[in-house]
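**Q** Predicted model and sequence follow; I will ask about them next.
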Amino acid sequence: MRLSITKSFVLVLFFCAALAVWSQDDTTDKPRLENPNNLDARATMLTQSGNFREAAEAYSKLIALYPKDPELYVNLSRCRLELLEYGKAVEAARMAVSLSPKDYAARNNLGWGLVSLGQTEKGVTELKAAAALNPNSERVRTNLGLTLLKLGRDKEAIVELRAALAIDRYSIRARLALVFAYERAGRYLLA
């Protein structure tokens, strides 16, 4: 009798597991989960480990398979920014923005890439758009603050850098830039 209860329990468990798998929503990102050699997970792992060159190659391969996925372009542009390949970063970020205009990360990458190419005012426009889309992004607010600081707009930079520190008080980039901004603003006040 005990063996049949155990068998029944196992059968019920198996049935519930099969039902759960069968009833899963097929509208999830299924094609990317089935990509060759699990390239998506590999690209993410390479990015997280700081191997941006190989990650960029993996994202490029994924884009060839899924050319309408804005997240892939955002990730590729981030890798290109880390590799100091600003032209390629801007190209990938522009594609991400064209596919998903309300993606703050795409606009942040585009803005920072433009700033790095010397197109500072265009970069500010994109960074402000990114900050409007996600005012709680420390990275966006810091990038905007650094760019405004570069333009000599110290008061605006201080506002953005203080906002970045309110989001993440441990942000070293924001803290150092804010110290510099206060120091420079103080010089102007003393002069």
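**A** Cool, got the structure. Numbers count the residues shown, from 1 in each chain.

**Q** for this protein, which residue is closest to the average position?
**A** Ala105 (4.6 Å; CA atoms, centre = their mean).

**Q** show me the contacts for the nearest residue to it once chain neighbours are set aside.
**A** Counting by CB to CB, 6 or more residues apart in numbering, Val74 is the residue found nearest to Ala105 once chain neighbours are left out, at 5.0 Å. C-betas here are computed from N, CA, C, even on glycine. Listed by CB atoms under 8 Å, 6 or more residues apart in numbering, the contact partners of Val74 are 92-93, 96, 103, 105-106, 109.

**Q** Quickly note the distance from Val74 to Ser98.
**A** With distances taken as CB to CB, to the nearest Å, Val74 is found 12 Å from Ser98.

**Q** and what of Leu117?
**A** In this view, Leu117 and Ser98 are 18 Å apart by CB to CB.

**Q** which of the two has more neighbours?
**A** Regarding Leu117 and Ser98, a neighbour count based on other CB atoms under 10 Å identifies Leu117 as having more, with 14 against 11.

**Q** tell me the phi and psi of that one?
**A** Leu117 adopts backbone torsions of phi -90, psi 0, taken as degrees, to the nearest 10.

**Q** ditto for the one 5 residues further on
**A** Backbone geometry at Lys122, expressed as degrees, to the nearest 10, gives phi -60, psi -40.

**Q** now do Leu148
**A** Dihedral angles for Leu148 - degrees, to the nearest 10 - are phi -60, psi -40.

**Q** And for it, the neighbour number?
**A** By other CB under 10 Å, 24 other residues sit near Leu148.

**Q** what do you get for Val159?
**A** Neighbour number of Val159 under other CB under 10 Å is 16.

**Q** Report the contact partners of Asn134.
**A** Each residue near Asn134 by CB under 8 Å, 6+ apart is listed here: 104, 140.

**Q** just Glu138 next, same as before
**A** Glu138 touches 164, 167-168, 171, 174, counting by CB under 8 Å, 6+ apart.

**Q** So which of the residues you listed are in strands?
**A** In strands, judged by DSSP state E, none of the contacts of Glu138 are found.

**Q** how about a markdown table for the contacts of Val74, with secondary structure and pLDDT added?
**A** Formatted as a markdown table, the contacts of Val74 follow (DSSP: H, G, I helix; E, B strand; the rest coil; pLDDT from 0 to 100):
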| residue | secondary structure | pLDDT |
| --- | --- | --- |
| Ala92 | helix | 98 |
| Ala93 | helix | 98 |
| Ala96 | helix | 98 |
| Asp103 | coil | 97 |
| Ala105 | helix | 97 |
| Ala106 | helix | 98 |
| Asn109 | helix | 98 |
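
**Q** nearest to Leu146, of those?
**A** Proximity of those to Leu146 (CB to CB) peaks at Asn109, which lies at 14.5 Å.
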